[in-house]
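> no sequence on this one, just coordinates:
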């Protein structure tokens, strides 16, 4: 096998626990404008994969994870449910990013944009005017 494309979050158990032939390495995927509609820049380093990435080296990657909802009619029950989910999730993100929760929550940036998608109106309103006593990253 010459190469494998792996789409997942880090760290991946298989890369942490697996044994790999001499010469196995991660290939960089440099972020550039052709990715900007759907991806964000990221990287991996020795903290992520100590046996596969030399200390002090950083390998460029792209991040393809976004939360998307169907565009329900504004007066529908489904729209109201998604709006409640937004409020519930956004107002508790700081707690999810604290110790005791999966470290991946610390990578969530509510203000990141996908240029080809319109943000759900209640999400944008929450970001524009965060609720009193809640965390707005």
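It's in. On a predicted model such as this, the values are computed, not experimentally measured, just so you know.
> what values do phi and psi take at residue 106?
phi -70, psi -20 (degrees, to the nearest 10).
> tell me, how many neighbours does it end up with?
By other C-beta atoms under 10 Å, 13 other residues sit near residue 106. For the C-beta atoms, the positions are set from N, CA and C on the backbone; glycine is no exception.
> please name the nearest non-neighbouring residue to it.
Excluding the flanking residues, the one nearest residue 106 by C-beta to C-beta, 6 or more residues apart in numbering is residue 97, at 4.9 Å.
> that neighbour contacts residue 109, correct?
No. The pair residue 97 and residue 109 does not pass the contact test of C-beta atoms under 8 Å, sitting 10.7 Å apart.
> and residue 34, what is it in contact with?
Contact analysis of residue 34 by C-beta atoms under 8 Å, 6 or more residues apart in numbering lists nothing.
> how far off centre is the lengthiest helix in the chain?
Looking across the chain with DSSP state H, the single longest helix is helix 77-96. Its chain's average C-alpha position is 17 Å from that of helix 77-96, according to C-alpha atoms, centre = their mean, to the nearest Å.
> that one - what's its average pLDDT?
Computed over helix 77-96, the mean pLDDT rounds to 94.
> next structured bit after that helix?
helix 121-128 (DSSP states H and E).
> give the rounded mean pLDDT of that next one.
Mean predicted lDDT for helix 121-128 stands at 94.
> give the buried residues for that helix.
122-123, 126 (16 or more other C-beta atoms under 10 Å).
> elements contacting it?
Identification of packing neighbours for helix 121-128 by 3 or more C-beta pairs under 8 Å, 6 or more residues apart in numbering; DSSP states H and E yields helix 77-96.
> which elements pack onto the helix it packs on?
Looks like helix 77-96 contacts helix 121-128 (3+ C-beta pairs under 8 Å, 6+ apart).
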